[in-house]
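>>> from the sequence below, what's the structure:
(chains A and B)
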Amino acid sequence: MSEKTFYITTPIYYPSDKLHIGHTYCTVATDAMARYKRLCGYDVMFLTGTDEHGQKIEDKAKEAGVTPKEFVDRIVEGERGILDLWKLMNISNDRFIRTTDEYHVRAIQRVFRRMYDKGDIYKGTYKGKYCKPCESFWTESQLVDGKCPDCGREVQDAEEEAYFFRASKYAARVRDLLTTTDFLEPASRVNEMVNNFIDCEGGLQDLCVSRTSFTWGIPVDFDPKHVVYVWLDALFNYMTALGLENDAHNDLDKYWPNAVHFVGKEIVRFHSIYWPAFLMSLDLPLPQKVYGHGWLVMDGGKMSKSKGNVVDPYILAERFGVDALRFFLLRTFPFGSDGNFSNELLINTINVDLANDLGNLVSRSTAMVEKYFGGTLPKLESAENADVELLSMAKALRGRYEAQMEKYQFQNALEEVFKVIQRANKYIDETAPWVLARDEAKRDRLGAVLYNLLETVRICAVLLTPFMPESCEKILDRLGATACERTWESAAVFGALHDGVTVTKGEAIFPRIDAEKELEALQAAQKNAQKPAVELEPYADESVDFDTFCKSDFRAVKVKACDAVKKSDKLLRFTLDDGSGTDRQILSGIHKFYEPEQLVGKTLLAIINLPPRKMMGLESCGMLISAIHYESGEEKLNLIMLDDKIPAGAKMC
RNA sequence: CGCGGGAUAGAGCAGUUGGCAGCUCGUCGGGCUCAUAACCCGGAGGUCGAGGGUUCAAGUCCCUCUCCCGCAACCA
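Sure, this is the predicted structure:
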């Protein structure tokens, strides 16, 4: 057994919905890293999983009319669920943890108790204001004029019991960790964390680590009306999966703390501040590194369901192939920063790098061995002038690649490989084997040129294996490479390919894509997979009694003036004539749908007896009524416009 | 002045400790016929967002400003 171990993890994903290309990106990156380390000879543990507790899941399950466990089971294990997706993407994880796994649940309870016994978790009160009719807690800062932001009624001082983690105790050590080591990378994220959460006003706040407002979570065993806050529950997955406080696994000594966590930038805060603090509390060693990668954005905007621009990895993998998609994700975007995803870019990358450069190089090289040598090539070494540059690049490649991989710079590592591939294509032009083939006296030279090509391809294919496992295996099969000609060691040796190797040309490994046709088909497929063209809000199944309904005072109002609230992209401020003789001011978050000047003079419908509410420092007295629906996932909003004949103040009944 | 990121060729991006501005696509011209209409060579195209400063030398360091994007806030 190898003594070098390496532990790498993805975040555990939150199964409240289907996973999208962003999750796939992170998992593929982690997989490539894991495969790379295995290639290098490490004993690798690669963990991924799901974070299944929390209010949102509880709510969604309720909506769907199933238990929370049934709900997450469907997303995790169901058809085209998370497990299916990772299988499709050829993810080589060694373990898959679900936070609902029995061993994890019990381990978290023990961890919670240990931190409590140590005094780092203490029972405190979540101080706030309570609104009896709404049964809601509010913090001081949420209140509007000291009143309930929901209903506007008086609130009372109230305290809800909760457990807190003494994060403040570890603030200095965490700051040190972030600022004096490379625990958190890329370094650009360090300032953000320190400025925002540690050196901010009031310093690092103690973290509330239990909830009583919902039940879908791990109960605190010594105080069962509390459930453990999802982040404490989730972060420890990295260690419970190795056997922390449980007997299901027993690899903690072997793999911890030689661990690297790949996480999205949105959860860097939890991984770089609270996770180390939790571990410090338990006197456990810290992982080696947290790497916060960027997001894939669509045309500059964040991927989101409401924009209808969520990219489904299933569709892409099925159309273009798993390896092509894996390759694209890691080749195109710098791992630490955001990347702009588009179908055009995907197709372009596949065509240029995989079809034209790599695939075509394999084709032309193997074709010539078949054509000129009947498929069996003698090992002929050479060092003519024309060979020098190619050979030295190929020999140096593993080192250059390794340097980038060790920095998690996948795009640079791949760039190094493709420089060599491009050089090999050029080498064919320079040496013109088809010319050599016409002259029997140059047969040895021809053989040497082809051998150099096969060797170059072999080295590149070995190094590309972590990114495209299946395709590289095919390429190496075509070259006739034996097992020991596919190793990490062999990638540093030019001339490893054995004498008399048998080569087969075969079908194109990366067929060229007809961009125009494919883009159309893709758009159709993605649209199809999306929601129906027009989607309506669910119909209410609760009835409202007539008296309650009649309490709502709807009136026709005329827009006297309308302007955008400054510093807000959503709010419009309306000055309205409601017939009373006094202007009424209403704020409405509809700037996305209307420009102020469009609305002046219109007759609209408003409910006027809602309690006033302050937004962005301005008071809103009522609400304008609109109709809402969705088209292709995009929210559409239309104000209810009344006939201008209707006088201001007319009551709707 | 809430926090952070960004602005470099038509598009998308890279530029390490300051040292002749680069890559991919596109475009124009040429070469080759082994190969997947692929491959190779060359040209055109940039006041590096604006202004100021430090320096022999600034895309890079410092200051000011403009615009974009996240987060946060808000969306009755």
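>>> quick check: the gap between residue A:449 and residue A:436.
7 Å (Cβ to Cβ, to the nearest Å). The C-beta positions use only the backbone N, C-alpha and C, and glycine is treated the same way.
>>> more neighbours: which of those two?
A count of neighbours by other Cβ atoms under 10 Å puts residue A:449 above the other of residue A:449 and residue A:436, at 27 against 21.
>>> do I have it right that that one meets residue A:435?
No. Between residue A:449 and residue A:435 there is no contact under Cβ atoms under 8 Å: 10.6 Å.
>>> so which residue of the stretch 551-653 of chain A comes closest to RNA strand B?
residue A:589 (1.5 Å; Cβ to the nearest atom of the strand).
>>> so where's the stretch 251-400 of chain A uncertain?
Applying pLDDT under 70 to the stretch 251-400 of chain A flags residues A:299-309.
>>> which ones are touching the residue of the stretch 551-653 of chain A closest to RNA strand B?
A:570, A:571, A:572 (Cβ atoms under 8 Å, 6 or more residues apart in numbering).
>>> ok, and which of those reach RNA strand B?
A:570, A:571 (Cβ under 7 Å from any atom of the strand).
>>> now the contacts of residue A:589 as a markdown table including pLDDT, secondary structure and neighbour count?
Shown next, in a markdown table, are the contacts of residue A:589 (pLDDT from 0 to 100; DSSP: H, G, I helix; E, B strand; the rest coil; neighbours: other Cβ atoms under 10 Å):
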| residue | pLDDT | secondary structure | neighbour count |
| --- | --- | --- | --- |
| A:570 | 75 | coil | 15 |
| A:571 | 81 | coil | 19 |
| A:572 | 83 | strand | 23 |
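>>> ok, residue A:230 to residue A:263 distance?
15 Å.
>>> residue ranges in the stretch 401-550 of chain A under the pLDDT threshold?
Ranges of the stretch 401-550 of chain A meeting pLDDT under 70: A:525-542.
>>> quick one: the strands in it?
Here the stretch 401-550 of chain A has its strands, by DSSP state E, counting those that start in this stretch, at A:501-502, A:534-535.
>>> just the helices in the stretch 301-450 of chain A please.
Counting by DSSP state H, counting those that start in this stretch, the segments of the stretch 301-450 of chain A that form helices are A:313-320, A:322-332, A:343-349, A:360-373, A:385-406, A:410-431, A:433-436, A:443-464.
>>> as TSV, these with distance to RNA strand B would be great.
Conversion of the helices of the stretch 301-450 of chain A to TSV gives the following (distance: least, Cβ to the nearest atom of the strand, whole Å):
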stretch	distance to RNA strand B
helix A:313-320	13
helix A:322-332	8
helix A:343-349	6
helix A:360-373	3
helix A:385-406	11
helix A:410-431	3
helix A:433-436	4
helix A:443-464	9
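>>> give the residue farthest from the middle of chain A.
Residue farthest from the centre of chain A, counting by Cα atoms, centre = their mean, is residue A:441 at 58.6 Å.
>>> so can I have a markdown table of the helices of the stretch 301-450 of chain A showing distance to residue A:519?
Below are the helices of the stretch 301-450 of chain A laid out as a markdown table (distance: least, Cβ to Cβ, whole Å):
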| stretch | distance to residue A:519 |
| --- | --- |
| helix A:313-320 | 11 |
| helix A:322-332 | 15 |
| helix A:343-349 | 6 |
| helix A:360-373 | 22 |
| helix A:385-406 | 31 |
| helix A:410-431 | 24 |
| helix A:433-436 | 36 |
| helix A:443-464 | 26 |
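>>> of all those, which one is nearest residue A:223?
Relative to residue A:223, the nearest member of the helices of the stretch 301-450 of chain A by Cβ to Cβ is helix A:313-320, separated by 41.7 Å.
>>> what angle do the closest one and helix A:322-332 make?
What separates the directions of helix A:313-320 and helix A:322-332 is an angle of 110 degrees, with axes from the mean of the first three to the mean of the last three Cα atoms, to 10 degrees.
>>> how distant is helix A:313-320 from the center of its chain?
Put simply, helix A:313-320 sits 17 Å off its chain's centre (Cα atoms, centre = their mean, to the nearest Å).
>>> buried ones in that helix, by neighbour count?
Within helix A:313-320, the residues scored as buried using 16 or more other Cβ atoms under 10 Å are A:313, A:314, A:315, A:316, A:317, A:319, A:320.
>>> how about stretch A:580-590?
Neighbour-count burial for stretch A:580-590 flags A:584, A:586, A:587, A:588, A:590 (criterion: 16+ other Cβ under 10 Å).
>>> and what of stretch A:42-56?
Buried, per 16+ other Cβ under 10 Å, within stretch A:42-56: A:42-54.
>>> and what of stretch A:328-338?
A:328, A:329, A:330, A:331, A:332, A:333, A:335, A:336.
>>> how many neighbours does residue A:383 have?
By other Cβ under 10 Å, neighbour count at residue A:383 equals 10.
>>> hmm, it is touching residue A:390, no?
No. With contact defined as Cβ under 8 Å, residue A:383 does not count as touching residue A:390 (10.8 Å).
>>> get me the contact residues on the stretch 551-653 of chain A for RNA strand B.
So the stretch 551-653 of chain A meets RNA strand B at A:568-571, A:586-590, A:610-611, A:613, A:615-616, A:620, A:623 (Cβ under 7 Å from any atom of the strand).
>>> can you name the two of those that are farthest apart?
Longest span within those, Cβ to Cβ: A:569 and A:611, 25.5 Å.
>>> compare neighbour counts for those two and give me the winner.
Neighbour count, other Cβ under 10 Å: between residue A:569 and residue A:611, residue A:611 has more, with 15 against 9.
>>> quick one: the more buried one is in a helix?
No. With DSSP: H, G, I helix; E, B strand; the rest coil as the criterion, residue A:611 is coil rather than part of a helix.
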